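Visitor: Dropping the sequence and predicted coords here.
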Amino acid sequence: MGRIFWKFLFAFWLAMFAVGLTLVAGSDLVRRMQHIPEQNAETDALGERVKQVSELLAREDIAGAQALLRHWRNQRQDPEVFVIDEAGAELLNRPLSPDDLAFARNADKQAEPFAQWLSTPDGDRYAVTTHVTRAMYMSYHTGIRLTWQWLVAIASLVGLFFSALLAWHWARPLRALRWALHNIAKGHLDTRVMPRMGKRRDELGRLGQDFDSMAQRLELLVDAQRRLLHDVSHELRSPLARLEAAIELAERRRGNAETEPEMARITREAQRLNMLVGELLLLARLENGIETIKRARVDVMELVVAIADDAQFEARSKGRDVVLQTEGGFVASVNAELLYRAFENVIRNAVKYTRPDTAVHVSAVATVAEMIVTVVDHGPGLPDDVLQAIFEPFRRFETDPEISGFGLGLAIAQRAMESHGGAIHVARNAEGGLTFTLTLTRAALVRKHQVLGRPLDAPRPWWGAWVAWTQRAGGNPP
């Protein structure tokens with residue numbers, strides 16, 4: 001049995017013991033306090049007798065005070081009233097206990113009406129006192145009234161205190177674990193839980209240590225994967241550049257027509273490999289987080305319109321169409337290249353998979369707070385259980401063997417949107433095909449990046465000229 005078992009056992013035992021002790025002590029106090037009303041009446045009568053004797057002594061009527069004291073003694077009125085002079089002698093020579101004598105000699109305002117000192121006109125001092133119990137004294141000065149209702153309330157408060165303490169003790173590490181798991185699920189692999197859990201040595205503490213070890217191992221593996229992706233991409237760039245240069249030289253010198261198909265094939269494959277390396281490098285940059293991306297104020301709606309126009313040109317050559325609907329404008333400080341790749345990859349992917357003689361519907365709606373771009377195709381679609389997997393790198397689903405690709409476009413689109421604090425979601429249409437929803441919020445953009453503003457009347461951003469040039473050239477942006 002581990003530490004948690006003994007902690008639970010001890011905590012519950014301590015709580016039960018505290019509640020039981022409160023009930024036992026309270027019940028005894030209730031029993032004692034049941035006589036308080038009678039004691040209060042007795043206290044009032046006793047105070048009246050002390051007052052009568054004090055008045056007689058104040059008039060130096062010593063004989064009258066003695067007669068009154070004898071009268072009360074003969075009537076057996078308890079508790080008795082005593083009169084003590086400064087020498088400690090009692091007026092009727094009655095014996096006093098040491099406690100009663102000490103109580104009288106130390107009488108002050110708190111002792112009234114049970115004991116008080118007074119002076120006669122001749123200068124003699126007398127102490128008028130009585131035998132008083134602790135219950136009478138406490139009842140008179142504090143007015144304690146304890147009932148069973150108060151006893152139950154006190155016991156409940158004690159139990160509530162221990163229960164709250166126990167709940168806090170166990171809920172705190174569980175909340176820390178939940179926070180850590182949430183962060184890990186969001187991709188923050190540097191999250192550690194033990195600093196929040198403290199120096200626990202029970203099973204929950206060991207669970208936190210195991211969690212931190214797991215998170216550290218995951219972080220190392222993911223970092224190694226990212227470094228490998230980045231390094232391999234860089235290593236491939238140099239031989240590719242030399243290969244393309246050699247191909248260009250060979251084309252200049254070629255004279256044999258029989259080698260032209262092979263040279264063309266080599267050129268296409270080299271270009272394809274170069275595109276793959278470019279995609280890998282961009283994905284590696286997005287995976288590692290781009291903290292210094294260049295941003296400028298861009299009307300994102302114009303960006304979507306330009307991409308849709310290019311996609312429509314490509315779609316019509318394949319017997320398809322792109323239908324665009326826009327509403328409003330959305331000027332924000334963004335990295336136009338990354339957003340261009342995100343929107344282009346999704347729209348061109350829809351054009352690639354939609355059935356012939358159908359249209360890809362693109363809707364872009366912008367408000368002051370956000371911009372939502374919806375892309376709907378009429379392709380074969382995918383099962384629900386694999387929808388989210390399409391955003392993973394190199395995940396391809398061969399719905400059409402004639403469609404080529406690397407399986408990186410949607411992964412890049414998702415990382416590009418996330419780098420701007422946005423999101424991309426996919427859903428299956430009831431009539432077939434997929435619906436992609438890309439969302440950008442102005443608040444998330446402000447939180448995600450430091451806004452590098454430029455005035456609204458600034459010259460058109462660089463991507464505008466780039467898109468215009470590609471349109472004039474009759475091609476598509478790379």
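Guide: Perfect, I can see it now.

Visitor: Who are the contact partners of the nearest residue to Asn429 once chain neighbours are set aside?
Guide: Spatial nearest neighbour of Asn429, excluding adjacent residues (CB to CB, 6 or more residues apart in numbering): Thr435 at 5.7 Å. In this view, the C-beta of every residue, glycine as well, is placed from N, C-alpha and C. The contact partners of Thr435, taken as CB atoms under 8 Å, 6 or more residues apart in numbering, are Thr374, Val375, Val376, Val426, Ala427, Arg428, Asn429.

Visitor: Who are the contact partners of the first one?
Guide: Thr374 is in contact with His361, Val362, Ser363, Ala364, Thr435, Phe436, Thr437, Leu438, counting by CB under 8 Å, 6+ apart.

Visitor: Report whether it is found in a helix, as I expect.
Guide: No: secondary structure of Thr374 (DSSP: H, G, I helix; E, B strand; the rest coil): strand, not part of a helix.

Visitor: Tell me the spacing between it and Asp299.
Guide: Computed with CB to CB, to the nearest Å, the distance linking Thr374 and Asp299 is 19 Å.

Visitor: what's the answer for Leu408, then?
Guide: 28 Å.

Visitor: Just the buried residues of the contacts of Thr435.
Guide: When the contacts of Thr435 are checked for burial by 16 or more other CB atoms under 10 Å, the buried set is Thr374, Val375, Val376, Val426.

Visitor: Met417: neighbouring residues, count only.
Guide: Neighbourhood size, Met417 [other CB atoms under 10 Å]: 23.

Visitor: Helix, strand or coil: sort out it for me.
Guide: helix.

Visitor: looking at it, it is touching Thr437, isn't it?
Guide: No: in this structure, Met417 is not within contact of Thr437 by CB atoms under 8 Å, at 10.5 Å.

Visitor: Now list whatever residues contact both of these two.
Guide: Contacts common to Met417 and Thr437, judged by CB under 8 Å, 6+ apart, are Ile424.

Visitor: which residues in the chain form helices?
Guide: In the chain, the helices defined using DSSP state H lie at 3-33, 36-58, 62-74, 98-105, 134-142, 148-185, 194-197, 203-253, 260-288, 300-316, 336-353, 409-419, 442-448, 462-473.

Visitor: ok, back up a step: between Leu408 and Asp299, which is the more surrounded one?
Guide: Leu408 (21 against 18).

Visitor: quick one: the more buried one from Gln414, how far?
Guide: 11 Å.

Visitor: swap in Ala332?
Guide: Separation of Ala332 from Gln414 (CB to CB): 19 Å.

Visitor: And the two? Which one has more around it.
Guide: Between Ala332 and Gln414, counting by other CB under 10 Å, Gln414 is the more crowded of the two (25 against 22).

Visitor: was I right about that one contacting His425?
Guide: No: if you go by CB under 8 Å, Gln414 and His425 don't touch, sitting 9.7 Å apart.

Visitor: give me every residue that touches Ala15.
Guide: Gly159, Phe162, Ser163, Leu166.

Visitor: Repeat the analysis, applying 10 Å as the threshold.
Guide: Val158, Gly159, Leu160, Phe161, Phe162, Ser163, Leu165, Leu166 (CB atoms under 10 Å, 6 or more residues apart in numbering).

Visitor: Now do the shared contacts for Leu408 and Gln414.
Guide: Each of Asn345, Glu392, Pro393 lies in contact with both Leu408 and Gln414 under the rule CB under 10 Å, 6+ apart.

Visitor: Spatially nearest residue to the last one (excluding sequence neighbours)?
Guide: Leaving aside its sequence neighbours, Pro393 sits nearest to Ala411 (CB to CB, 6+ apart; 4.4 Å).

Visitor: Kindly report the same for Gly422.
Guide: Here the residue nearest Gly422, using CB to CB, 6+ apart, is Leu440, at 4.3 Å.

Visitor: ok, the one you found to Val331 distance?
Guide: Leu440 is 12 Å from Val331, by CB to CB.

Visitor: coming back round to it: Asp85: which of the contacts of Ala15 is nearest?
Guide: Val158 (50.9 Å; CB to CB).

Visitor: neighbouring contacts of stretch 182-193?
Guide: Contacts for stretch 182-193 (CB under 10 Å, 6+ apart): 173, 176-181, 207-223, 287, 289, 418.

Visitor: in that stretch, what counts as buried?
Guide: Within stretch 182-193, the residues scored as buried using 16+ other CB under 10 Å are Asn183, Ile184, Leu189, Thr191, Arg192, Val193.

Visitor: swap in stretch 359-371?
Guide: Residues Ala359, Val360, His361, Val362, Ser363, Ala364, Ala366, Glu370, Met371 are the ones in stretch 359-371 that count as buried (16+ other CB under 10 Å).

Visitor: Show me what the second one is bridged to.
Guide: The one in question is Val360. Val322 (DSSP bridges).

Visitor: same deal with the one 10 residues further on?
Guide: According to DSSP bridges, the partner residues bridging Glu370 are Thr441.

Visitor: does it really touch Arg442, like I thought?
Guide: Yes: counting by CB atoms under 10 Å, Arg442 is a contact partner of Glu370 at 6.6 Å.

Visitor: where do the contact lists of these two overlap?
Guide: Listed as contacting both Glu370 and Arg442 by CB under 10 Å, 6+ apart are Phe330.

Visitor: Domains in the chain, by residue range?
Guide: Following automatic domain parsing, one finds the domains of the chain at 36-142, 189-288, 296-473.

Visitor: tell me the contacts of Arg217?
Guide: By CB under 10 Å, 6+ apart, Arg217 lies in contact with Leu189.

Visitor: and it, how far is that from Pro195?
Guide: Noted for Arg217: a distance of 18 Å to Pro195, by CB to CB.

Visitor: among the buried residues of stretch 182-193, which two are most distant?
Guide: Spatial extent of the buried residues of stretch 182-193 (CB to CB) is set by the pair Leu189 and Val193 at 12.7 Å.

Visitor: Closest one of the buried ones among the contacts of Thr435 to Ala89?
Guide: Among the buried ones among the contacts of Thr435, Val426 lies closest to Ala89 (CB to CB), at 105.9 Å.

Visitor: how about low-confidence regions in the stretch 151-300 of the chain?
Guide: In the predicted model, the stretch 151-300 of the chain carries pLDDT under 70 at residues 151-152, 155, 224-240, 242, 246, 250-251, 253-265, 268-270, 272, 274-293.

Visitor: Output the contacts of Thr435 as TSV; include the columns distance to Asp309 and pLDDT.
Guide: Shown next, in TSV, are the contacts of Thr435 (distance: CB to CB, whole Å; pLDDT from 0 to 100):
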residue	distance to Asp309	pLDDT
Thr374	18	95
Val375	15	95
Val376	18	95
Val426	24	92
Ala427	26	91
Arg428	28	90
Asn429	24	89
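
Visitor: on that earlier part again, please identify which of the buried residues of stretch 182-193 is nearest to Thr326.
Guide: Asn183 (37.2 Å).

Visitor: Low-confidence regions, the stretch 351-478 of the chain specifically.
Guide: Flagging of the stretch 351-478 of the chain using pLDDT under 70 yields the residue ranges 394-407, 447-478.

Visitor: What's the local residue count around the spatially closest residue to Gly205 that is not a sequence neighbour?
Guide: Using CB to CB, 6+ apart and skipping the chain neighbours, the partner closest in space to Gly205 is Met197 (6.4 Å). A total of 22 residues lie near Met197 under the criterion other CB under 10 Å.

Visitor: Can you verify my assumption that Met197 contacts Arg178?
Guide: No: counting by CB under 10 Å, Met197 sits too far from Arg178 to count as a contact (11.9 Å).
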